[in-house]
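In: What shape does this take:
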Amino acid sequence: MRKLYLRGILLLAAVSLFSSCAKTPEKVISPSVKAAVVQGEDKSWSIFFTGGIKNENDSTAFINVDGNILLVNDSGEKLVSVPFKIPAILPFETGVIKERIDIKGETAEKVFSMLSVSPDRLGTPDEPGNRFLEEKNVKLDSIKFEKKDIVTLLKEKVR
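Out: Take a look at the predicted model:
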């Protein structure tokens with residue numbers, strides 16, 4: 001009977017150990033882009049990327065978040081890399097990513113093709129250049145962060 005009791009305790013300890021691990025973000029939430037012509041430069045555009053990284057943990061904050069997002073076409077070919085930094089993402093919060101990437105030449109052609117945007121018509125009333133991206137066109141390539149218990153973090157901030 002005692003062995004059965006000890007096995008139950010060990011099983012419960014193992015389950016609580018594995019369930020208390022912080023869940024790492026795996027995708028970008030609500031990705032979108034806005035394309036615009038770079039003033040004063042010929043055949044040069046800016047892509048303003050906006051999206052979010054969700055912290056789905058209840059007691060772990062992500063500090064000093066550093067990562068890279070890839071915009072890919074429908075066949076999976078890498079088009080643009082979007083590096084980002086977020087100071088902190090608290091539990092159940094979404095860290096907002098707002099980054100500007102300048103593009104030219106063949107890269108611009110491929111991005112505009114993926115977005116179904118005519119670069120010549122950008123900025124006109126019928127082509128503002130705003131597009132929401134499909135999940136298949138956005139990949140969270142890498143993400144690094146420090147994990148910090150929210151209670152510990154708040155205690156440090158109060159001091």
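In: what's the next secondary structure element after the lowest-mean-pLDDT helix or strand in the chain?
Out: Ranked by mean pLDDT, DSSP states H and E, the weakest helix or strand in the chain is helix 2-19, scoring a mean of 54. With elements assigned by DSSP states H and E, the helix or strand that comes after helix 2-19 is strand 29-37.
In: Now do the helix or strand immediately after that following strand in the chain: which elements does it pack against?
Out: Downstream of strand 29-37, the next assigned helix or strand under DSSP H and E is strand 44-54. In terms of contacts (3 or more Cβ pairs under 8 Å, 6 or more residues apart in numbering; DSSP states H and E), strand 44-54 is packed against strand 29-37, strand 60-72, strand 78-89, strand 94-104, helix 105-115, strand 138-149. Just so you know, the C-beta spots here come from the backbone N, C-alpha and C atoms, and that holds for glycine as well.
In: Could you pull up the residues touching the residue nearest to the spatial centre of the chain?
Out: Nearest residue to the geometric centre of the chain (Cα atoms, centre = their mean): residue 28, 3.9 Å. Applying Cβ atoms under 8 Å, 6 or more residues apart in numbering to residue 28 gives the contacts 51-53, 69, 97, 138, 140.
In: From residue 34, how far off is it?
Out: As judged by Cβ to Cβ, to the nearest Å, residue 28 and residue 34 stand 16 Å apart.
In: Likewise for residue 76?
Out: Counting by Cβ to Cβ, the gap from residue 76 to residue 34 is 24 Å.
In: Among the contacts of residue 28, which one sits closest to residue 89?
Out: residue 53 (6.3 Å; Cβ to Cβ).
In: Report the contact partners of that closest one.
Out: Shown in contact with residue 53 (Cβ under 8 Å, 6+ apart): 25, 28-29, 65, 67, 86, 89, 94-95, 97, 140, 143.
In: Then residue 145?
Out: 62-66, 89.
In: Of those residues - the most surrounded one?
Out: Highest neighbour count within the contacts of residue 145: residue 62, with 25 neighbours (other Cβ atoms under 10 Å).
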